[in-house]
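Colleague: no sequence for this one, just the structure:
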């Protein structure tokens, strides 16, 4: 018996999020793009947030709409409070509410510690950490106002924070990025503790090495990929869809009792493969 598949060859998704309203930040490329499409395939109406690249964002909107759900693109810098408040206000106007927030937007500004500027430090912290705080705050306001709608979901709302294996693995030359993701871990767990009693689930997905534009140099040549695979016990570099599938299931009622958890989607990178032969 064959398995139904979409045009990309992946198994067709179940309508796990039918009727729900989702917002994905940084959704016009990489992991965010794949996640926005996956949520739409699962039945959600989706806000496609972006800060640069409107044409790419509109392409994502078109793909989502092809599943028979609604979507629109919204330009907003997640580190700017006013722009985030405005984006949520528009979502309330267009969709009426929010059920799922995927706080995905992130960037890198790499440098050795002694060469890193305070601007590089602040930019990464502002986008990767403060951006998640601002979006989570606005989503939580609506979750608390509306409460649980049983015919839609068992929870009052779901927040999925996009973290990284570098929330626990130090990364020389990337102190701003690693610090931001370590902050995401505590942000997520604290929000889960605070919001859980209100029926709001907060969790995180922590990708390992994924084929995205942000890390192209690490995998786009055979030599670079072979070097990278030494860090991955499963011996393949991940695809954005691997993360998108994890987010979709985590945001669904199939994971209703999962609160304050980090799902590592990393091919085993956090198993410290250097110790596989005894160190």
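Modeller: Thanks, I have the structure now. The model shown is predicted, which means the values in this text are computed figures rather than measured ones.

Colleague: OK, contacts around residue 70?
Modeller: 45-46, 94-95 (C-beta atoms under 8 Å, 6 or more residues apart in numbering). Where you see a C-beta, it was placed from the backbone N, CA and C, and this is true even at glycine.

Colleague: Kindly report the same for residue 98.
Modeller: Each residue near residue 98 by C-beta under 8 Å, 6+ apart is listed here: 21-23, 88, 91-92, 139, 142-143, 157.

Colleague: Save the residues you listed as TSV, and put in neighbour count and secondary structure too.
Modeller: Below are the contacts of residue 98 laid out as TSV (neighbours: other C-beta atoms under 10 Å; DSSP: H, G, I helix; E, B strand; the rest coil):
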residue	neighbour count	secondary structure
21	24	strand
22	33	strand
23	28	strand
88	23	helix
91	23	helix
92	14	helix
139	25	helix
142	19	helix
143	25	helix
157	27	strand
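
Colleague: Counting neighbours, what do you get for residue 207?
Modeller: Around residue 207 there are 24 other residues, counting by other C-beta atoms under 10 Å.

Colleague: Pick the one among the contacts of residue 98 closest to residue 253.
Modeller: residue 157 (12.3 Å; C-beta to C-beta).

Colleague: who does the closest one bridge with?
Modeller: For residue 157, the beta-bridge partners are residue 200 (DSSP bridges).

Colleague: Low-confidence stretches in this structure?
Modeller: Within the chain, the stretches falling below the threshold (pLDDT under 70) are 1-13, 215-220, 279.

Colleague: hey, where'd the strands end up in it?
Modeller: 21-24, 45-50, 71-75, 100-103, 157-162, 200-207, 262-265 (DSSP state E).

Colleague: In CSV: these, plus distance to residue 39.
Modeller: Converted to CSV, the strands of the chain look like this (distance: least, C-beta to C-beta, whole Å):
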stretch, distance to residue 39
strand 21-24, 5
strand 45-50, 5
strand 71-75, 9
strand 100-103, 7
strand 157-162, 10
strand 200-207, 13
strand 262-265, 16
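
Colleague: Which one of these lies nearest to residue 225?
Modeller: Closest approach to residue 225 among the strands of the chain (C-beta to C-beta): strand 200-207, 16.5 Å.

Colleague: Quick one: distance of stretch 225-235 to the chain centre.
Modeller: Mean-position distance between stretch 225-235 and its chain equals 23 Å (C-alpha atoms, centre = their mean, to the nearest Å).

Colleague: Going by neighbour count, list what's buried in it.
Modeller: By neighbour count on 16 or more other C-beta atoms under 10 Å, the buried set for stretch 225-235 is 228-229, 231-232.
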